[in-house]
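S.K.: Next come a sequence and a model predicted from it.
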Amino acid sequence: MFSVATKTKQAGGHDKLVATAAEKLNRAKDKDYVAKLEDLERITRSFRGIEEAFAVQGGREVRIYVQEDRIDDLSAVNLSAEVAKKISAEMTFPGQIRVTVIREFKATETAN
């Protein structure tokens, strides 16, 4: 944004107008970016057994935490494929989006 305003100022003095236009463009990009992340999280949370889902790495990856008592290891593998297919069908995006399903089991005991 700064370089655009500087070049315009040197060319004719309309730096304030260009800076305002650049800010509006950046706000629109920010809204599109947030909408993309929300869409990714909405799509992933629509499946059964999802405990939590997060879009990370600028929307290039979705991390899905599943309920370990409802989703077994094989179902976790199948779920990642199903989510990836649904994302491809419902969204347009450049590049790839990685779908990571995390199934965690914790066992805790206290020693006396």
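M.R.: Great, that's in hand.

S.K.: Need the contact partners of stretch 92-104.
M.R.: Contacts of stretch 92-104 with the rest of the structure, by C-beta atoms under 8 Å, 6 or more residues apart in numbering, involve 36, 40, 44, 59-66, 68, 71-73, 76-77, 79-80, 83-84, 87. All C-beta spots, glycine's among them, are computed from the backbone N, C-alpha and C.

S.K.: Run through this protein and note the low-pLDDT ranges.
M.R.: Applying pLDDT under 70 to the chain flags the ranges 1-28.

S.K.: Could you rerun that using 90?
M.R.: 1-41, 54-59, 68-69, 91-95, 104-108, 112 (pLDDT under 90).

S.K.: Strands of that one, residue ranges please.
M.R.: 50-56, 61-66, 98-102 (DSSP state E).

S.K.: Next, the buried residues of stretch 72-80.
M.R.: Judged by neighbour count (16 or more other C-beta atoms under 10 Å), stretch 72-80 contains these buried residues: Ser75, Ala76, Leu79, Ser80.

S.K.: what's next to it, contact-wise?
M.R.: Contacts for stretch 72-80 (C-beta under 8 Å, 6+ apart): Phe47, Gly49, Ile64, Val66, Ile71, Val99, Thr100, Val101, Arg103.

S.K.: Got a PyMOL select line for the buried ones in the residues you listed?
M.R.: Restricted to buried positions by 16+ other C-beta under 10 Å, the PyMOL selection for the contacts of stretch 72-80 reads:
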select buried, resi 47+49+64+66+71+99+101+103
